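Asker: okay, here's the prediction I keep looking at, along with the sequence it came from:
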Amino acid sequence: MLEINNLHCKIEGKPILKGINLKINKGEIHAIMGPNGSGKSTLANVISGHEDYEVIKGSIYFKNKEINGLSPEERAHEGVFLSFQYPVEIPGVTVTNFIKTAINESRKSKGLDEMPSSKMLKKIREKASLLEIDSNFLSRSLNQGFSGGEKKRNEIFQMAMMEPELAVLDETDSGLDIDALKIVANGVVKYSNDENSVLIITHYQRLLDYIVPDFVHVIMDGKVVKSGDKDLAKKIEEVGYDWLKKDNS
Amino acid sequence: MNFQEKLLDSFIAFEQDVDLLNPVHSDRKEALKRFEKQGFPSKKDESWKYTSLKSITQKNYSLSSKKDESVELRDVKEYFLNDLDSFKIVFIDGVYSPFLSKTTHDGMDICVLSAALSKEKYNDTIKKYFNKIVPKDESLASLNTSYTKEGAYIYIPSGVCPEDPVQIMHISTGNQKSIWLQPRNLIIADKNAKVEIIERHQSLNEHSVVTNSLTEIYAEKNAFVDYYKIQNDLNTATLIDNTFISQQRDSNVSVHTFSFGGKLIRNNLNFYHKGENIQSTLKGITILESNQHVDHNTLVNHAQPNCESHQDYKGIFSERSVGVFNGKIIVDKIAQKTNAFQQNNNILIDNKSKVNTKPQLEIFADDVKCSHGCTVGQLDKEALFYLKTRGIPEKEAKALLTYAFANNILESVKTPNLKRRINSLIANKLGVNLGFDL
């Protein structure tokens, strides 16, 4: 599904990623952990094609196709989804209109007709109820005045609507209370299947109690320094990252 | 002979066409004298610092129209709001077209100024209202007054609230190389009356037209007037809109200005308060491209206590277009408890466009709430990235953000059909077809 080889990238001239290697197969859930400033969010942004990040070396293959050079919207059309750490507020555009536009633009790119309204509405209702989002929420302006929990639920709602093949979740768990965390995790678990993949970027192990990863990787200073299974996340939760630093040096 | 001289000289010919005994004629003559002294405004005038009429007034224009009976409904239908019942006052090259209009004298007067000037029964109303709030020091207003002849005349009597809006349409056919038009509108909403008006100027081909329009609006006690200006003309059309509004106590007047097209548009919009507890709303969306120029020059004169004014203008500029916002609020010493709000926000899509924004507050009362703010910025890059990661292409994403930026102005548009029309004009202007009704 996703294969990243020796990826180096910089922002405003400053190197952030210094040789990332990562391979995610269809049906797998991967988690990336790491201390602040290690390059986790950068990786998420680079996969989605953020223009501020300059890839200087290495490659990103998605479904065996080099996607470095594709625009964010083209990557989205290919099936990449990024759940934002800080979703942007867009006053004046309702959640419903936004998601309709997103879905129909993606369909347009594939040469499909717009989704019939009745079908769209049914799907919106179904996914909204999965994330315990009530209907008046859907007619509010996108992310405007949403609580932290509402913003994240709304991200996962969009993911559920768009049904991407790869979902990159950038700190979707941060700032959530335990109830909201469970709802969000449940949304991800329901979405996850043998045909798609999930990349979870997180500080904390607790989300991984609900979404059990197949692999856990630790990023420090722009490199993957350790990979393992879910027990690696538990160990980090207990003892932190320092032992890896020593390991690394 | 330059055009200014032509305007002065042509007055004698103009006098052949009008009733010289009508008291209005002394207004005309005095106004012409003032214009002769004042001349066209130049960049030396503070309020014309960022807008030059030089290239326009150096040219020559025809002052009267050739008779044109060739305009059929089908030629102009698209410019009207057709999906609602409305009164229509339509002018072709400044001449009233009864054929395209739908007027009334049934319980109210929705007709033309020439009729009101020629019939005795309107004398008192004309005497009471005509040219009473037009500033003497504005030369273009003087020029319009001197050539007062035709325009819309609307009188809504006490307590009358017509359900249907009035569409005032000025069509220019372009059957002459260039024409200078000066419509004069008089609108009166008497006590407890209510009226909604939509005004549009439209040229049918690319021959140049300059319209120096003047509208006086009188809202008597507790009257409601909603005025919408659709400015979406061709790039050969210039519009100078002078709108002066007088409000009595408890009245509520809103003016929405949608400026999407034209070579040069100047909106002089003045509100004068004559009583307490007045609400005034001034809103605008300006979306410009290809060297277009729009100048909003507003004045709200709070001259009585306990009144409110809300100004909110949004502008989006690309391709060397220029926007000017010059918003003046005066709060007189007696106007305590005034609440005056002014906001002007602009987005420059590229670095070749320009905005000059200048709020001016002159406050002489000590117990007032006044706020103003202006911003000039670009589309938020993070927001753009967010939309793109959802598969929305750059052009559509930009349009969506632009729309979102301007959207709150539309919230106060009360007629759904009009709102839809404005929405589709915006979508059209932005060149997108989004997956929903904007």
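Answerer: Structure's in. What do you need? All of these numbers come straight from a predicted model, not from anything done at the bench. Numbering: from 1, shown residues only, chains lettered A, B, ... in the order given.
Asker: which residues in chain A form strands?
Answerer: Under the criterion DSSP state E, chain A contains strands at A:2-11, A:14-24, A:29-33, A:53-62, A:65-66, A:80-83, A:90-94, A:141-142, A:166-170, A:197-202, A:215-220, A:223-228.
Asker: now the last one: buried residues?
Answerer: Using 16 or more other C-beta atoms under 10 Å in any protein chain shown as the burial criterion, the residues of strand A:223-228 that qualify are A:Lys223, A:Val224, A:Val225, A:Lys226. Just so you know, the C-beta spots here come from the backbone N, C-alpha and C atoms, and that holds for glycine as well.
Asker: do you know the pLDDT at the third one?
Answerer: The per-residue pLDDT reported for A:Val225 equals 88.
Asker: thought B:Ile330 was touching B:Val300?
Answerer: Yes - the pair B:Ile330 / B:Val300 is scored as a contact, 7.4 Å apart, by C-beta atoms under 8 Å.
Asker: enumerate the residues of chain B near chain A.
Answerer: Chain B comes close to chain A at residues B:380-383, B:385-394, B:396-397, B:400-401, B:403-408, B:434-436, as judged by C-beta under 8 Å from any C-beta of the partner chain.
Asker: how about 7 Å then?
Answerer: With the criterion set to C-beta under 7 Å from any C-beta of the partner chain, chain B comes near chain A through B:382-383, B:385-386, B:388-394, B:396, B:400, B:403-404, B:407-408, B:434-436.
Asker: which ones among the residues you listed lie within helices?
Answerer: B:382-383, B:385-386, B:388-389, B:394, B:396, B:400, B:403-404, B:407-408 (DSSP state H).
Asker: hang on, the earlier thing: more neighbours: which of B:Ile330 and B:Val300?
Answerer: A direct count of neighbours by other C-beta atoms under 10 Å in any protein chain shown for B:Ile330 and B:Val300 places B:Val300 higher, at 26 against 17.
Asker: quick check: the more buried one vs B:Gln311, distance?
Answerer: Shown here: B:Val300 relative to B:Gln311, a distance of 7 Å by C-beta to C-beta, to the nearest Å.
Asker: got it, and A:Asp231?
Answerer: Counting by C-beta to C-beta - A:Asp231 and B:Gln311 are separated by 63 Å.
Asker: hang on, B:Lys121 is in a helix, isn't it?
Answerer: Yes - B:Lys121 sits within a helix when classified using DSSP: H, G, I helix; E, B strand; the rest coil.
Asker: give me the number of residues near it?
Answerer: Applying other C-beta under 10 Å, we find 8 other residues in the vicinity of B:Lys121.
Asker: before we move on, what about B:Leu361?
Answerer: Neighbours of B:Leu361 using other C-beta under 10 Å come to 15.
Asker: that one reaches B:Thr338, doesn't it?
Answerer: No - the criterion here is C-beta atoms under 7 Å, and B:Leu361 misses it with B:Thr338 at 10.9 Å.
Asker: report the contact partners of residue 116.
Answerer: Answering for chain A, as no chain was given. For A:Pro116, the contact set (C-beta atoms under 7 Å, 6 or more residues apart in numbering or on different chains) is empty.
Asker: think we crossed wires, I meant chain B
Answerer: With contact set as C-beta under 7 Å, 6+ apart, B:Ala116 has these partners: B:Tyr122, B:Ile126, B:Tyr153.
Asker: so in terms of bridging, what pairs with the last one?
Answerer: Here B:Tyr153 sits in beta bridges with B:Cys111, B:Leu186, as judged by DSSP bridges.
Asker: for burial, what's the neighbour tally of it?
Answerer: 25.
Asker: any idea of the pLDDT on it?
Answerer: On the pLDDT scale, B:Tyr153 gets 97.
Asker: next: B:Glu69.
Answerer: 68.
Asker: do the same with B:Gly435
Answerer: At B:Gly435, the pLDDT value in this model is 50.
Asker: got it, and B:Ser178?
Answerer: Looking at B:Ser178, its pLDDT is 92.
Asker: in space, what's closest to it - neighbours in sequence excluded?
Answerer: Distances taken as C-beta to C-beta, 6 or more residues apart in numbering or on different chains put B:Ser208 closest to B:Ser178, at 4.4 Å, once the chain neighbours are dropped.
Asker: try B:Arg249
Answerer: Spatially, and ignoring its direct neighbours in sequence, B:Arg249 is nearest to B:Gly275 (2.7 Å; C-beta to C-beta, 6+ apart).
Asker: ok, back up a step: more crowded one of A:Asp231 and B:Gln311?
Answerer: Higher neighbour count among A:Asp231 and B:Gln311: B:Gln311, with 25 against 9, using other C-beta under 10 Å.
Asker: just the helices in the chain please.
Answerer: Picking chain A for this. Using DSSP H, helices in chain A cover A:40-48, A:72-78, A:95-109, A:117-130, A:135-138, A:148-162, A:178-191, A:207-210, A:230-239, A:242-248.
Asker: um, chain B though
Answerer: Using DSSP H, helices in chain B cover B:3-9, B:11-15, B:24-38, B:54-57, B:73-76, B:113-118, B:123-129, B:139-146, B:381-389, B:394-410, B:416-430.
Asker: quick one on the thing from earlier: report the two of the ones in helices among the residues of chain B next to chain A separated the most.
Answerer: The most widely separated members of those, counting by C-beta to C-beta, are B:Thr389 and B:Asn408 (25.3 Å).
Asker: between those two, which is the more surrounded one?
Answerer: B:Thr389 (27 against 17).
Asker: I figured that one hits A:Leu82, correct?
Answerer: Yes - counting by C-beta under 7 Å, B:Thr389 does reach A:Leu82; the two are 4.9 Å apart.
Asker: count of residues packed around residue 35?
Answerer: Assuming you mean chain A. So A:Pro35, with other C-beta under 10 Å, has 17 neighbours.
Asker: meant chain B, my bad for not saying
Answerer: As a burial measure, B:Phe35 scores 24 neighbours (other C-beta under 10 Å).
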